[in-house]
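**Student:** What shape does this take:
(one chain, ligands or ions: 1)
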Amino acid sequence: MPKKLAAGNWKMNGLREALGEVKALYAACPTPSCDVLICPPATLIRSMSKVCDGIQIDVGGQDCHENTSGAHTGDISAPMLADTGATYVIVGHSERRATYGETDAQIHAKTAAAWAANLTAIVCIGETLDEREADKTLHIVGGQLAKSVPDAATPTNLVIAYEPVWAIGTGKTPTLAEIEAVHTFIRTRLVERFGPQGHEMRILYGGSMNPKNATDIAAVPNVDGGLVGGASLKASDFITIVQALNA
Ligand code: PEP
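**Tutor:** Just a heads-up that it's a prediction; the model follows:
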């Protein structure tokens, strides 16, 4: 079984004082048995990387441009993230797919760019509520998986995050059986495409994971960790989720 990963996505939250949350996380859990990652806003990556130097907390970006440099005002490239100390980057988060119209083809290109910069890409996939209600969940998730992930995927450079769009930031979650069904489907597709390595690729669940539901979700077969938004902002909440994934 792959080593579990507790990944926090801070989104557009956090000023320098928020670095105290990372210090508190480390103080409470200095030697986690799962991997721990925080993806803060780009403005905090450098200072968080310094805080996390030599400790078991990795730092990642929340997006990268598909090009390495150029006339892309406001964007950040994968080599720039790596240069600030990031080792992971989230790509294809549903908020970016919805707000900026990011396509699977772009996410595929961003993932390749992340790999070229030696970053591990966390590729997000998931259905909307309308798609779930129309019984299209596996069709949507399967299509996004096929089109967003380049052929050179390995268990080291790729993490998949299954994030039902309707569960993000809403307090709603699928049932454990529904989570298992989608994760097992993703595992099957990964093994079909990448062979035995597909068993080692981590599949995170994301969408209103919190200290109360983390233990149950962590125990679902083929759940190899969580991508956590709101509940990663406070160390006191995130510690409980890290501990659930440590078990
Ligand atoms: C996310 O944004 O990836 C996420 C899962 O958010 P939340 O945990 O707040 O639902």
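**Student:** What residues does this structure have near the ligand?
**Tutor:** 9, 163, 168-169, 206-209, 227-231 (Cβ under 6 Å from any ligand atom). Placement of C-beta: from N, CA and C, glycine included.
**Student:** Which of those fall in strands?
**Tutor:** Those of these mapping onto strands are 9, 206, 227, 228, per DSSP state E.
**Student:** How many residues are close by the third one?
**Tutor:** In other words, residue 227. 27 (other Cβ atoms under 10 Å).
**Student:** what pLDDT does the spatially closest residue to it that is not a sequence neighbour get?
**Tutor:** Leaving aside its sequence neighbours, residue 227 sits nearest to residue 206 (Cβ to Cβ, 6 or more residues apart in numbering; 3.4 Å). Looking at residue 206, its pLDDT stands at 98.
**Student:** What subset of the residues of the chain next to the ligand is buried?
**Tutor:** For the residues of the chain next to the ligand, a burial check counting by 16 or more other Cβ atoms under 10 Å picks out 9, 163, 168, 206, 207, 208, 209, 227, 228, 229, 230, 231.
**Student:** For residue 59, identify the helix or strand it belongs to.
**Tutor:** strand 58-61 (DSSP states H and E).
**Student:** Pull the residues that contact that strand.
**Tutor:** 7, 35-40, 42, 45, 48-49, 52, 76, 81, 85-90, 119-120, 122 (Cβ atoms under 8 Å, 6 or more residues apart in numbering).
**Student:** Strand partners (parallel or antiparallel) of that strand?
**Tutor:** Looking at strand 58-61 with DSSP bridges, its partner strands are strand 35-39 (parallel), strand 88-91 (parallel).
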